[in-house]
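Novice: All I have is the shape, not the residue letters:
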Ligand SMILES: Nc1ncnc2c1ncn2[C@@H]1O[C@H](COP(=O)(O)OP(=O)(O)OP(=O)(O)O)[C@@H](O)[C@H]1O
């Protein structure tokens, strides 16, 4: 994917200004930056929630200025959100099946959730969902209502639902926010495993600099809606503009 010269504004607030960013196939790329730097806005442009005022996005060889989120899901861009956005009243496996339906056809959803399990199509979808649950070590929780699960597990279910869309590019908006140290370690392991097992390209927004530096192949830094750095963790950690703008030498030292 190539983001080129993208600008987004809300009234007078410039959320993004002339941002260009290449996302290379198979990499784990993190976007960091202070609160309000434009990280979520960039994710929202990439999967079509916001339309850029100017600039283009090229994905899988196709350039576009506008795209609907449903189209993004169908074209292989998966997403999790900053705040858990699962169907809390539903159980774990049904949430994953919703992800399948988002990618592979809306009519499937009614069948999957309402009819007894008869059709070959439904069996196939359930098997695919079961495989994802096993991959993320959630199979024992398949029938648990999402609302009854600890926060860290809910975040993992959200990852499962995003994976159910079989994304080529997976966007994770603060996948470890609010987690305990142990939950973060588990989530990092799963993210790495997704990347290695399926070759999924992963774009993460994350505030925990230690996590970012340990997990990412590359890091891009936004500040006041502009990209100020882009490179390997080591290069970004040593960048004087990054140190001045955001991280502070103490935070960098801890992450090193
Ligand atoms: N829907 C919106 N309406 C108006 N202003 C918005 C909207 N979304 C974002 N903004 C503004 O755009 C700027 C960038 O916000 P954005 O949420 O992209 O930053 P962020 O880096 O993700 O921040 P955080 O780390 O706090 O999540 C901020 O000034 C924010 O107030």
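Specialist: Yep, it's here. None of the values given here were measured: they were computed from a predicted structure. Numbering: from 1, shown residues only.

Novice: Near residue 138, how many other residues are there?
Specialist: Residue 138 is surrounded by 22 other residues when neighbours are defined as other C-beta atoms under 10 Å. The C-beta positions use only the backbone N, C-alpha and C, and glycine is treated the same way.

Novice: Tell me how far it lies from the ligand.
Specialist: Per C-beta to the nearest ligand atom, to the nearest Å, residue 138 is found 27 Å from the ligand.

Novice: Would you check that that residue makes contact with residue 155?
Specialist: No - when contacts are counted by C-beta atoms under 8 Å, residue 138 is not listed as touching residue 155 (11.3 Å).

Novice: The strand or helix carrying residue 30 and the ligand in contact?
Specialist: For residue 30, the host element (DSSP states H and E) is strand 28-32. No - judged by C-beta under 6 Å from any ligand atom, strand 28-32 and the ligand are separated, with a smallest distance of 8.2 Å.

Novice: Which secondary structure elements does that strand sit against?
Specialist: For strand 28-32, the contact count by 3 or more C-beta pairs under 8 Å, 6 or more residues apart in numbering; DSSP states H and E identifies helix 39-46, helix 181-198, strand 201-205, helix 209-215, strand 218-223 as packing neighbours.

Novice: What strands line up against that strand, and which way round?
Specialist: With DSSP bridges as the criterion, the sheet partners recorded for strand 28-32 are strand 201-205 (parallel), strand 218-223 (parallel).

Novice: can those go into a markdown table with extra columns for mean pLDDT, distance to the ligand and mean neighbour count?
Specialist: What follows is those, written out as a markdown table (pLDDT from 0 to 100; distance: least, C-beta to the nearest ligand atom, whole Å; neighbours: other C-beta atoms under 10 Å):
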| stretch | mean pLDDT | distance to the ligand | mean neighbour count |
| --- | --- | --- | --- |
| strand 201-205 | 97 | 7 | 23 |
| strand 218-223 | 96 | 6 | 23 |
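
Novice: Dump those to CSV, plus distance to residue 54.
Specialist: Listed next are these as CSV, based on distance: least, C-beta to C-beta, whole Å:
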stretch, distance to residue 54
strand 201-205, 21
strand 218-223, 17
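
Novice: Show me the one of the ones you listed that comes nearest residue 14.
Specialist: The closest approach between residue 14 and any of the strands paired with strand 28-32, judged by C-beta to C-beta, belongs to strand 218-223 at 12.0 Å.

Novice: so how far is the closest one off the chain centroid?
Specialist: Mean C-alpha position of strand 218-223 versus that of the full chain (C-alpha atoms, centre = their mean, to the nearest Å) differs by 16 Å.

Novice: Any chance you could list what contacts that strand?
Specialist: For strand 218-223, the surrounding residues in contact (C-beta atoms under 8 Å, 6 or more residues apart in numbering) are 16, 19, 21, 24, 27-34, 37-39, 42, 212-213, 227-233, 236, 239, 242, 245-246.

Novice: likewise stretch 128-144?
Specialist: Looking at what lies outside stretch 128-144 - C-beta under 8 Å, 6+ apart - the contacts are 91-93, 96-97, 100, 149, 153, 156-157, 159-160, 163-164, 190, 193, 197.

Novice: If any of the residues you listed are buried, put those into a ChimeraX selection.
Specialist: The buried residues among the contacts of stretch 128-144 can be selected in ChimeraX (16 or more other C-beta atoms under 10 Å) with this line:
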select :91,92,93,96,97,100,149,153,156,157,159,160,163,164,190
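
Novice: worst-scoring helix or strand of this structure, pLDDT-wise?
Specialist: Of all the helices and strands that make up the chain, helix 248-255 has the lowest average by mean pLDDT, DSSP states H and E, namely a mean of 48.
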